[in-house]
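Chemist: structure, please.
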Amino acid sequence: MNKKITLLVATHNPGKVQEYAEMLPGLDITWLTLDSAGIRDEVEETGQTFQENAELKAVAYAQQSGLFTLADDSGLEVDALDGRPGVLTARYGGPGLTPEERYRHLLAELEAVEPDVRTARFRCTIALAGPDGEIVGTSSGVCEGEIALEPAGGGGFGYDPVFFLPGQGVTMAQLSAEEKHQISHRGQALRAIAPLLHETLA
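Modeler: Numbering: from 1, shown residues only. Model (predicted):
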């Protein structure tokens, strides 16, 4: 890159922006959250897929800010629940629940489901929009696993304590941040979109 670029990430969570920066260390970018860009509006996620929601957010916030904008939408798909919670992952179980209450709700729904049919996956789609609000490109990542019988681990967030990784023998919440970045759905999607960021922002 010939110059430092400002890139807006469509989140109020500085921890997520830090995660992005850690996973894309080769990019000379000034990273902004919605709060640091002075944006308070919330874009309603009305899409039926992760890609639709990611694109909705990227376009809307790019138009508001006049900046290149990255937005992601991600969630958990459980085969025994016909793909739920899916795009409703962050709101699963109803409004006002804590993350622990949400994964406890999920475990209760799966109480009668045998261990060998508790397959699930985290899925993430990332969309990049230009300052004019046009979509430049998208990427996606998938992390396969199973829903554990009980939560384990104190790391990560959301459903990580109940997302078991058979290949590692631990839940996502038992991984170090570096280990999680290597295999997570978001890490995969970020690495997939990195060449486009280099090309577009150079």
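
Chemist: what residues are up against Ala62?
Modeler: Listed by Cβ atoms under 8 Å, 6 or more residues apart in numbering, the contact partners of Ala62 are Leu8, Phe68, Thr69, Ala129, Gly130, Pro131, Asp132, Gly133. C-beta coordinates here come from the backbone N, C-alpha and C atoms, glycine included.

Chemist: tell me the SS of it?
Modeler: At Ala62 the chain is in helix, as set by DSSP: H, G, I helix; E, B strand; the rest coil.

Chemist: ok so Glu44 is a strand residue?
Modeler: No - with three-state DSSP as the criterion, Glu44 is located in coil rather than a strand.

Chemist: what sits closest to it if chain neighbours are left out?
Modeler: Setting aside the residues directly before and after it, Glu44 is nearest to Leu56 in space (Cβ to Cβ, 6 or more residues apart in numbering), at 7.9 Å.

Chemist: hmm, the one you found is touching Gly47, no?
Modeler: Yes - counting by Cβ atoms under 8 Å, Gly47 is a contact partner of Leu56 at 5.6 Å.

Chemist: for the spatially most central residue of the chain, name its beta-bridge partners.
Modeler: Central residue of the chain (Cα atoms, centre = their mean): Ser74, 4.2 Å from the mean position. For Ser74, the beta-bridge partners under DSSP bridges are Cys124.

Chemist: now it: how far from Glu114?
Modeler: 27 Å (Cβ to Cβ, to the nearest Å).

Chemist: quick one: Ala173 is in a strand?
Modeler: No - if the criterion is three-state DSSP, then Ala173 is helix and not within a strand.

Chemist: tell me which residues touch the nearest residue to it once chain neighbours are set aside, please.
Modeler: Spatial nearest neighbour of Ala173, chain neighbours left out: Gly153 (3.0 Å); criterion: Cβ to Cβ, 6+ apart. Applying Cβ under 8 Å, 6+ apart to Gly153 gives the contacts Asp160, Pro161, Val170, Thr171, Met172, Ala173, Gln174, Leu175.
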